[in-house]
Structures are given as structure tokens and as C-alpha cells.
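Undergrad: Prediction below, plus the sequence it came from.
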Amino acid sequence: GDNYFMLVYKAGEEAENGQTLDASLVSITSEGKETTVVSGNPSGNISIDNVYYSHNAHATYTLRGSWLFRNTPSVYSYYGYDNTEGNQISTFIPFKENTVAELDFTKFDIMSSNSSYGSPAVFKILDGKDTSSPVLWQMDYNNRKTGPGKAIRATNPDGALTIVFNTNGNRGGMGQGFEAKVSEYMPRPMNVTSIEAFQASTEAVLPGARDQAVIGIRISTDGDKDPVSLQKINIDMKGAQDMAERIKIFYTGVSDEFTTGNILASVSVNKQQAIQEITFSTPCLLPEKDSYFWIAYDMATSFASDRIVDAALSAVTIDDREPEIDMADPDGERLTKNIYYFKGGNDVVTVDSSLMFYDNMGPDGKYTKEATGAVTFKPAEGKILRFVFKNFYTRYNDYFYVYSGCAVDETQQLARLSSMQEN
């Protein structure tokens, strides 16, 4: 009859991700007779997958290179993880001398109660080999879906990190859980690894528009010691200097989404030259890995349509040095459009050529209650203005007034319009 045998390997501690385990049967010996095996090398192999799964009890692992650290998945496909009772404790100790354990999350979404009907889940990272070690980071209800937001490294002499996870009865929903890269890290001085500009937007640029992002800049660094600072950026406006009034540099930290909350510099444009030098009054300390900066323009109130608005990096000064720029002039550009969207308040717009005038929601939307106020259109010297309606519609009791001159003067009223009129 048939007899079955199995060859079993135990992977060594030095096995690395991507390595494979395989074997082939060369021959068998039975009762002193050796027989060569013809088909002893079946297809396939076993790939090394260095993954630690969090589980109940206290497990200690010696790190060699980089591993993944994950929650143990639920036994049910429609849950992320089960509401297992008790602490799940994992300790990571680096193998190489002079290194420390580093934990960097790529996914973090933990179910946690925020009411009197349940206990919140526990997730904390400790600086040491046991649960009495100092806390480096701890989850609360506000950060339960984001995690630390940065890599966490050990600072103790052993270089060890201990992670404590307790669901406290909170079962993870579908897709919930955590995953982190855990690896040995060698502390080292910071250096800049790349500087890349990228196109921030391709939307049309309107007269008088403020904070118009043109290009973004990603500066990548490596190392945690002796951090470096960004001091100056030189920008090539590529012929747009006569259309912009100011250049601004915004900083969004590790976020690659443009916002205007943190401005580092704002300077008037020198319209006589394309290269503009912007020096920060206070140098910007660079974080580890990626940080994002944005070049934005405040536009003039009048210019021709379909002109290119763009920028390129000319030079970047970091700690009094100008490192090489990997991508200085990314593909893409923005174009000017002589369009004005009603803003409310009391705006003044200089008109030097044809200009499309829309309500505050533009050609595709209905105006809102914020569309209240006045705007004054002033012609270029020696010219007068002509106002031609293409489409017009107002709601009941909403009125559109036209006055001659620079003020709301009833004696100079030219029109009082309501409801829809075309051409």
C-alpha cells in the first residue's frame, strides 16, 4: 500500500523576508537498497514571511532586519479581530549592537468604547522589555484611527520596545486592526535624500486670486540626529512674474494636502526678473522622512486669458548648503482665465480686456445667500465698460443693481433687475 512521510523545516532566526525554503528527494534506501527518485522535485516552495501576530501572553522576539507586526485576524471574515480577553504583550529586542527597535504603523484602526457601557481598548508602546517600562505612546479615543502618526523608537539601553494591546471586549469591525513595520534602527545624523517638486494644481487662475498653489516641494530626509533646517528657496517663475503680486511659501509638515494655515514667507514679486529668492526669517527644522512645502502666488487684478502660470525650483538652501534637486520642473501648468466670481463685500476689479462675471457659485451652480454685497469694475485708463448679460436669473425678492461710478449712489442707478432674462 501507500506510505507517506513529511519533511519539516524550522526557519532559522536569520531567515529574511522573500527567501524560500525548498527540497527535492534524490533517493530512498530500503533494506539496504538505494533507489533513485525520478520525480523528486515537485513544483513550488515556501516563502519566508516574517510576520509577528499579537496574541495573548507575553512573547519576546529578537529582531533581525525588518518584520511586520499585526493583530491576529478574527476567525470570522466579517470582523477585523476578535474581542479576546486579556493583555496581548509583544516585546521586540534588536539583534545588532548599537541599534534600537523601531515601530512604524502602516495601518491603525482600533475599535474602542467611549461610553459608560463599555471599557476602552488599550494600546500602548513602552520603552523597555517589560510592562513596567515608561510609556512612549498610548492610544486614546481621538487617535484610535490614526495611531502615533510617526515612527516610535526605543531610547533604553536594550533598544527594546514592548507593545500592550487589550481589546477590553471591543471587537474589531471589518477592515479594522493594525499593521506596523518593526525593524532595527541605527541612530545616525540627518541627511537630505531627495528634493522633488510636483505640480500642485492645474485649475484655472483668476484675476485677483490669492494663495494660488503652483508647485509643491517634497523634501525627504534620513536620520534622527543633528536635524537640518531649510533656510531659503529660489524660484523660477517662468515668465509669470508680471501676473503675480506676491510669492508665498506654505508648510504642511508631513501632509501632502495643500492648506494655508502655516505660512513661512511672503514677499513681493520682483517683476524685472524670473528668479525670485525667498529667505525665511526663521529657518524651518526638517522632520525625518518626508515634509511638504508649497509655492503659491497672489495674482494681479488684470491679465490676459490663457497665459501660463508656473514655477520651477532654482535652488534650495539647507544648513548653508545647496543640495542637488532631483526634480526641479515638474510636468503641468496652470492657465489664466479672465473670470471673476462674485465674493460679496466691496471688491474692486480692474478690467483691461473682456471678463466673464459669475455669481459666487460659478457657471454650474446656484448662487447662495453669501452672494450679498457689491463689486466695482474699473476700466483701464482711456476706456469705458460695457456690461452684456449672457444668462440671468434671481430668486424671488432678490435684486441685481447696476450703478454708474465707483459707489452705490441711487442717483446713478442704471438698472434694477430680478427674475430671468437672456441676452
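TA: Great, that's in hand.
Undergrad: Flag the shaky bits of this protein, pLDDT-wise.
TA: Residues of the chain meeting the criterion pLDDT under 70: 116, 420-423.
Undergrad: got the end-to-end distance for stretch 143-159?
TA: Terminal residues of stretch 143-159 are spaced 25 Å apart (CA to CA, to the nearest Å).
Undergrad: so what's the backbone phi/psi at residue 72?
TA: phi -70, psi 120 (degrees, to the nearest 10).
Undergrad: burial measure for it, as a count.
TA: Neighbourhood size, residue 72 [other CB atoms under 10 Å]: 15. All C-beta atoms are positioned from the backbone trio N, CA, C, and that covers glycine.
Undergrad: try residue 306
TA: Residue 306, neighbours per other CB under 10 Å, totals 9.
Undergrad: I'd like the distance between it and residue 353.
TA: Separation of residue 306 from residue 353 (CB to CB, to the nearest Å): 11 Å.
Undergrad: Could you count how many residues lie near residue 367?
TA: By other CB under 10 Å, the burial measure for residue 367, its neighbour count, is 18.
Undergrad: I'd assumed residue 344 was in contact with it.
TA: No. Residue 367 lies out of contact with residue 344 (CB atoms under 8 Å); the separation is 10.3 Å.
Undergrad: Pull up the overlap in contacts between these two.
TA: Residues touching both residue 367 and residue 344 (CB atoms under 8 Å, 6 or more residues apart in numbering): residue 360.
Undergrad: If you drop the residues flanking it in sequence, what lies closest to residue 332?
TA: Closest residue to residue 332 apart from its sequence neighbours, by CB to CB, 6 or more residues apart in numbering: residue 199 at 3.3 Å.
Undergrad: Enumerate every residue touching the one you found.
TA: Contacts of residue 199 by CB under 8 Å, 6+ apart are 215, 216, 330, 331, 332, 333.
Undergrad: so which of these comes closest to residue 269?
TA: Closest approach between these and residue 269, by CB to CB: residue 215, at 15.6 Å.
Undergrad: Now do the residue nearest to residue 108 when sequence neighbours are not counted against residue 218, distance only.
TA: Distances taken as CB to CB, 6+ apart put residue 147 closest to residue 108, at 3.0 Å, once the chain neighbours are dropped. Applying CB to CB, the value for residue 147 to residue 218 is 22 Å.
Undergrad: more crowded one of these two?
TA: Taking neighbours as other CB under 10 Å, residue 147 and residue 218 compare with residue 147 leading, 22 against 16.
Undergrad: where do the strands sit along the stretch 301-423 of the chain?
TA: All strands of the stretch 301-423 of the chain, identified by DSSP state E, counting those that start in this stretch, fall at 308-309, 312-318, 334-335, 339-341, 345-351, 356-358, 373-379, 391-392, 400-403, 413-417, 421-422.
Undergrad: So which of the ones you listed is nearest residue 72?
TA: Between the strands of the stretch 301-423 of the chain, strand 312-318 lies closest to residue 72; by CB to CB that is 44.0 Å.
Undergrad: The closest one: which residues count as buried?
TA: 312, 313, 314, 316, 317, 318 (16 or more other CB atoms under 10 Å).
Undergrad: roughly how far apart are the third one and residue 232?
TA: Residue 314 sits at a distance of 11 Å from residue 232 (criterion: CB to CB).
Undergrad: repeat for the fourth one
TA: Taking CB to CB as the criterion, residue 316 is separated from residue 232 by 7 Å.
Undergrad: same question, the fifth one
TA: Between residue 317 and residue 232 the computed distance is 4 Å (CB to CB).
Undergrad: and what of the first one?
TA: Summarising the geometry, the distance separating residue 312 from residue 232, computed by CB to CB, is 16 Å.
Undergrad: Kindly report the same for the last one.
TA: Residue 318 sits at a distance of 9 Å from residue 232 (criterion: CB to CB).
Undergrad: how about the helices in the stretch 251-400 of the chain?
TA: For the stretch 251-400 of the chain, applying DSSP state H, counting those that start in this stretch gives no helices.
Undergrad: on that earlier part again, quick one: closest of the strands of the stretch 301-423 of the chain to residue 286.
TA: When these are ranked by proximity to residue 286 (CB to CB), strand 312-318 comes first, at 7.4 Å.
Undergrad: coming back round to it: from the buried residues of strand 312-318, which is closest to residue 18?
TA: residue 318 (35.2 Å).
Undergrad: Show me what the closest one is bridged to.
TA: residue 230, residue 321 (DSSP bridges).
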